[in-house]
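Asker: From the sequence below, what's the structure:
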Amino acid sequence: QVQLVESGGGLVQAGGSLRLSCAASGRTFSTYAMGWFRQAPGKEREFVAGISWSGDSRVYADSVKGRFAISRDNAKDTVYLQMNSLKPKDTAIYYCAASRSLDQAFDYWGQGTKVTVSS
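Answerer: Numbers count the residues shown, from 1 in each chain. Next up is the predicted model:
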C-alpha cells in the first residue's frame, strides 16, 4: 500500500509557474513508477506526465511538453511536477499516482491539489 499526498497547488496568472509535490509513504517509494494526472471541470481525468522508478524514463502528454517537467527524489519519497508557462486550460485538479511500471495501470492515488490559472 502506498499513501500519496499532493501539495503546491494554488492560483497563478497565465504565464506563471507552480511546482507540485507528491509525498509518498508506505511501501518502498523507489520501486514505483509515478505519474501526474489532471481533471478539469466537466472533463475526464487525463494523463499529464510519468516517470520510471529510476527517473531514467519520462513521458509527457503533448499538451504539456516543453512546459512541464516531472522529477523525483527517492531519498525524500517525493515526486514533483514543475509547471511553467501556465495557461488557463491547465486549470484542473492535479493528482499523483503510483504504478509498478509506466506501462501498467496506476493503482494508488492521492487526493489531488487544485491549480487555477487566471487569464
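
Asker: In three-state terms, how would the nearest residue to residue 78 once chain neighbours are set aside be classified?
Answerer: Excluding its sequence neighbours, the residue lying closest to residue 78 (CB to CB, 6 or more residues apart in numbering) is residue 23, at 5.2 Å. Every residue, glycine included, has its C-beta placed from N, CA and C. Per DSSP: H, G, I helix; E, B strand; the rest coil, the local secondary structure of residue 23 is strand.

Asker: Show me what residue 23 bridges to in the sheet.
Answerer: residue 5, residue 78 (DSSP bridges).

Asker: What is the burial count for it?
Answerer: Using other CB atoms under 10 Å, residue 23 has 16 other residues around it.

Asker: and it, what does it touch?
Answerer: 4-5, 7, 76-78 (CB atoms under 8 Å, 6 or more residues apart in numbering).

Asker: do residue 53 as well
Answerer: Residue 53 touches 30-33, 74, 101, counting by CB under 8 Å, 6+ apart.

Asker: thought residue 47 was touching residue 63?
Answerer: No - here residue 47 does not reach residue 63: they are 9.9 Å apart, not a contact under CB atoms under 8 Å.

Asker: per-residue confidence at the most centrally placed residue in the chain?
Answerer: With distances taken as CA atoms, centre = their mean, residue 36 lies nearest the centre of the chain, 2.6 Å away. Reported pLDDT at residue 36 in the predicted model: 98.

Asker: do the same with residue 26
Answerer: Confidence score, pLDDT, at residue 26: 77.

Asker: Distance of the closest residue to it other than its chain neighbours relative to residue 34?
Answerer: Once flanking residues are discounted, residue 26 sits nearest to residue 2: 4.5 Å by CB to CB, 6+ apart. Residue 2 sits 10 Å away from residue 34, going by CB to CB, to the nearest Å.

Asker: Between those two, point out the one with more neighbours.
Answerer: residue 34 (29 against 20).

Asker: Can you give me the end-to-end span of stretch 60-79?
Answerer: 15 Å (CA to CA, to the nearest Å).

Asker: The strand or helix carrying residue 108 pairs with which strands?
Answerer: Applying DSSP states H and E as the criterion places residue 108 in strand 106-109. Sheet pairing here is set by DSSP bridges, and for strand 106-109 it gives strand 92-99 (antiparallel).
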